[in-house]
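A.B. asks: My questions concern the predicted model and sequence given below.
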Amino acid sequence: MKLSKSMFFDRRYIIVVVFVVLYLLRYVLPEAFVLEVVIQSIYVMGCSFLIGRLGLVSFGQPVYLAAGAYGTAFYLYYVGTNPYIGILVGVLMGLMVSIVAGVFLVRLSSSYFTLSNLAFCAIGFFLLQKVLVKYTHGDNGLWFLSKIDSTVIIDLSTTKGIVYFSFLIAIGVWFLYDYLMDRSVFGAACLAVKINEEKLRFLGYNAFNVKWLAFVIANTTAALAGSLNAIYLGFVSPSIADVSKAVEAVAISMLGGAGTLFGPVAGVLIFIGLKDIISQIVSHWELVVGIMLVAIMIRGEKGIVGSLEGIVHKSITKNNNKPVSW
Amino acid sequence: MEIDIKLAISAFVLGLGMSGVYFLLTVGLSLCYGLMRVISLDQFFYYALGAHITYTLINITGNFWLGLLTGVIAVLFIAYSIEKLIYRQIYKKPIMFSMILSFGVNLAGVGIIKYIWGLAPKPVKAPIGGTIPILGTDVPGYRVFVILLAILIYLGVWYFLNKTIVGTAVRAGIDDAEKVEALGINVYKLFTLTFILAASLSALAGGLHAPMIMVVPDMGLSITSFAFMVVIIGGLGSIKGTLISSFIVGQIVSFGSLIWAPLANIAPFILMLIVLLIKPTGLYGSKYLRR
Amino acid sequence: MEDAFILKVNDISASYGQSKVLFGVSFNLGPHERIAIVGRNGAGKTTLLKCVAALLKPTSGFVVYEGEEITGRKPFEVARAGLKYVHQDKGVFQDLTVRENLKLSSYATGDYDWSKVFKYFPKLKILLDKKGAGLSGGEKQMLMIGRAILGSPKVLLLDEPTEGLAPGIVSDLATVFCELSENTALVIVDQNLSFISKIAQRVYGIKEGKMVVEISDTQEIQQASYSRFL
């Protein structure tokens, strides 16, 4: 796990460069597409971290996305008008939901964890669509676009402002994950959970706490993406937590290479790109996404970034056969 | 809150009917997990497909039973090809591959159903009308039939697993498939057999459920959460656990909705959380059964 | 030369994911021979046997059985052809009775004659209706071997057969193995050197994934002097 300092230093530059390039893409590609890529990348980041660094595969990601989106929506629809506070409320909502859900779910072994999260997602959808109709207006959703105040510095009531803000947030998130994954004891502890939970226990760490913290961080990140999305659209509906989208985040993580820093971005770019292109030919998105999932699972072993890193890694560490993961 | 006895009996029978459907849908899932260590989320596609084919055949021939049978047989062949073409490639990979892959098959399948049959809800008339008096309460005859059929299927599966040599091989494979192979038995044949058995039972569940609900392409998705709560509560890989938890969940759904409609969905979820808190592998799941 | 060996293992390399476990291992086995492969934990013995039985795919090298290359064949075909691997963890099927365990092997091989099983292990006859989970370690090992000799295999690959067994049972097993080898060639992987000294006709030593020594001198085998190589 020991890596030279300069390499990390480089990586933070790479993060900035990647997102600046992505930001500039909006002059070539539709702005909506670029924004979707960034927000989805933030959404997938947590999921990818959980899979790649802890071996936890959650099929319940949409429900955490929805927690953030609805937190923001409730604030903007019922309480205030400041989008920044709205995002804050959304993130706090996601934090709360993940803390509580984590207590129950994190203790479970692999398949149970995955499927319980799926069940949680289904229940979340049901609550939003049917039970809390009084507050969520069911399938009609909540509309609050006109209630968003213009703000100083970055004006979140404009699309341009949201794009700008989302990129700043994304860079922040990536700095955080860069630190979490490879420069902290916590990151090492996470990998230890994945490889051998028993040994971590002998070292005096509480595996549950490590997993719980990782779970909370990852799903709060998902909630943050939900908040940004809600601000951008000015609208939320229960379909955000639809069970049929439960697997997308996981599949994109694996497409990009789970647990890698840039995997989510690459995965999202390809996934959304393909989906958009194919959907223009075939109108049934389920069919398209379904076939894509099957193809990814059969073809993709390590994901795009994962296999690229393998090649790079080989060329760097020719004389050193100790496995290094970065 | 007072529930009179007649209401209770009819809720009990209603719950049993749902238990029957849940059991048929989840027993295959459980078997697949036990033997192949895959989670086959595409069972919900076979369930929806079984219902749709039943619906169409009723429209053409007017015969429910013929529709049910055709649905099961059609799904049998489709599942056979899917197992051969797709599942074969991921048996040796970690379990999450099968989950995502089967979810993909499920989505694509539902997409095809939407393409062929459209989105409109389709009613199916129960083939057995009338009511049967039980303890002075009239209960729908069709529900009683579904309950009896589910029991029959359970006995059949039990007989297959415990009294036939192929079933014995399946049980041995649930313990350790590699050792079965080392004896000289073609485990892939067992895998195929188990998979198409699971899929046909799911199709049967769909066809049988059709008269109790509306047939829509997304019917699989709406039963997903119940099916998984059943499987998780019972414990992955356990047939007995699946049976018992189908019964419990069916009753909770039925009685829960009497008290407060949303409880039908929420109560089994709460039960699942409680069970998992006490035993993280479900009621009858073994902690050794994982990969 | 062709008939001298029933099994030829040639230059097998294998790895689990990124880590290499075997580096070009070769050995031969005569038709009625009893050979032993010894080595420390993690030396790659189990991996080697599994590669021979086609349960694992070697990264390079090949296995010739009865003059035919079997690398890449399906494990069940190899087992049916008479080359059987006996797992090391006394892995009888827990949920199955002794009878069902044997039946399954009969079903696989088409050999329903259990008399030879009871000839070597008369105790199994009384245990027929007991579940695998309820057997003692020695009984499990008897069942594992009894199950494997149905179908009269030509080669048995035995992985740690004496592990955790009482000395009395170990010496019984030694007798059984010597009798078995009249019809079957045996490859035995074990750590119990006194047991090996008693039964092996040739000994291969494996260390860190490489064959380091081959000994066919009877006296040397009896003195277990090969242990210095491991």
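C.D. replies: Looks like it arrived, so ask away.

A.B. asks: what are the ranges of the helices in chain A?
C.D. replies: A:5-24, A:31-49, A:61-74, A:83-105, A:110-126, A:133-136, A:159-182, A:185-195, A:197-202, A:207-233, A:248-256, A:263-281, A:285-299, A:304-316 (DSSP state H).

A.B. asks: hey, least reliable of those helices by pLDDT?
C.D. replies: Mean pLDDT per stretch puts helix A:304-316 lowest among the helices of chain A, at a mean of 55.

A.B. asks: hang on, the earlier thing: could I get the helices of chain A in TSV, plus columns for mean neighbour count and distance to residue A:147?
C.D. replies: (Each C-beta comes from the backbone N, C-alpha and C, glycine too.) Below are those laid out as TSV (neighbours: other Cβ atoms under 10 Å in any protein chain shown; distance: least, Cβ to Cβ, whole Å):
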stretch	mean neighbour count	distance to residue A:147
helix A:5-24	13	27
helix A:31-49	24	20
helix A:61-74	30	10
helix A:83-105	21	9
helix A:110-126	25	25
helix A:133-136	14	16
helix A:159-182	18	15
helix A:185-195	18	39
helix A:197-202	13	47
helix A:207-233	24	11
helix A:248-256	28	29
helix A:263-281	18	28
helix A:285-299	20	30
helix A:304-316	15	39
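
A.B. asks: need those helices in a markdown table with distance to residue B:163, can you?
C.D. replies: Shown next, in a markdown table, are the helices of chain A (distance: least, Cβ to Cβ, whole Å):
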| stretch | distance to residue B:163 |
| --- | --- |
| helix A:5-24 | 62 |
| helix A:31-49 | 45 |
| helix A:61-74 | 44 |
| helix A:83-105 | 39 |
| helix A:110-126 | 29 |
| helix A:133-136 | 52 |
| helix A:159-182 | 53 |
| helix A:185-195 | 43 |
| helix A:197-202 | 40 |
| helix A:207-233 | 44 |
| helix A:248-256 | 40 |
| helix A:263-281 | 49 |
| helix A:285-299 | 37 |
| helix A:304-316 | 48 |
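
A.B. asks: how about those helices, which one is nearest chain C?
C.D. replies: Minimum separation from chain C across these (Cβ to the nearest Cβ) falls at helix A:304-316, 9.9 Å.

A.B. asks: Stretch B:32-45: how far from the chain's middle?
C.D. replies: Mean-position distance between stretch B:32-45 and its chain equals 11 Å (Cα atoms, centre = their mean, to the nearest Å).

A.B. asks: Let me know whether that stretch sits next to chain C.
C.D. replies: No. Judged by Cβ under 8 Å from any Cβ of the partner chain, stretch B:32-45 and chain C are separated, with a smallest distance of 10.5 Å.

A.B. asks: Check what pLDDT residue B:50 gets.
C.D. replies: Looking at residue B:50, the pLDDT reads 92.

A.B. asks: same question, residue A:325
C.D. replies: Value for residue A:325, per-residue pLDDT: 36.

A.B. asks: now do residue C:75
C.D. replies: At residue C:75, pLDDT is 88.

A.B. asks: wouldn't it be in contact with residue B:181 here?
C.D. replies: Yes. Counting by Cβ atoms under 8 Å, residue B:181 is a contact partner of residue C:75 at 4.6 Å.

A.B. asks: which neighbours do the two share?
C.D. replies: Overlap of the contact sets of residue C:75 and residue B:181 (by Cβ atoms under 8 Å, 6 or more residues apart in numbering or on different chains) consists of residue C:55.

A.B. asks: The biggest helix by length in chain B: which residues count as buried?
C.D. replies: What stands out as the longest helix in chain B, according to DSSP H, is helix B:5-36. Neighbour-count burial for helix B:5-36, counted by 16 or more other Cβ atoms under 10 Å in any protein chain shown, picks out B:9-36.

A.B. asks: Is that helix in proximity to chain A?
C.D. replies: Yes. Judged by Cβ under 8 Å from any Cβ, helix B:5-36 and chain A are in contact via residue B:33.

A.B. asks: Specify the angle between that helix and helix A:110-126 in degrees.
C.D. replies: Between the axis of helix B:5-36 and that of helix A:110-126 there is an angle of 140 degrees, by axes from the mean of the first three to the mean of the last three Cα atoms, to 10 degrees.

A.B. asks: So which elements touch helix B:5-36?
C.D. replies: helix B:43-61, strand B:137-140, helix B:141-163, helix B:165-183, helix B:187-209, helix B:219-234, helix B:239-259 (3 or more Cβ pairs under 8 Å, 6 or more residues apart in numbering or on different chains; DSSP states H and E).

A.B. asks: Might you quantify the distance of that helix from its chain's geometric centre?
C.D. replies: 8 Å.

A.B. asks: and residue A:278, what does it touch?
C.D. replies: For residue A:278, the contacting residues are A:288, A:292, by Cβ under 8 Å, 6+ apart.
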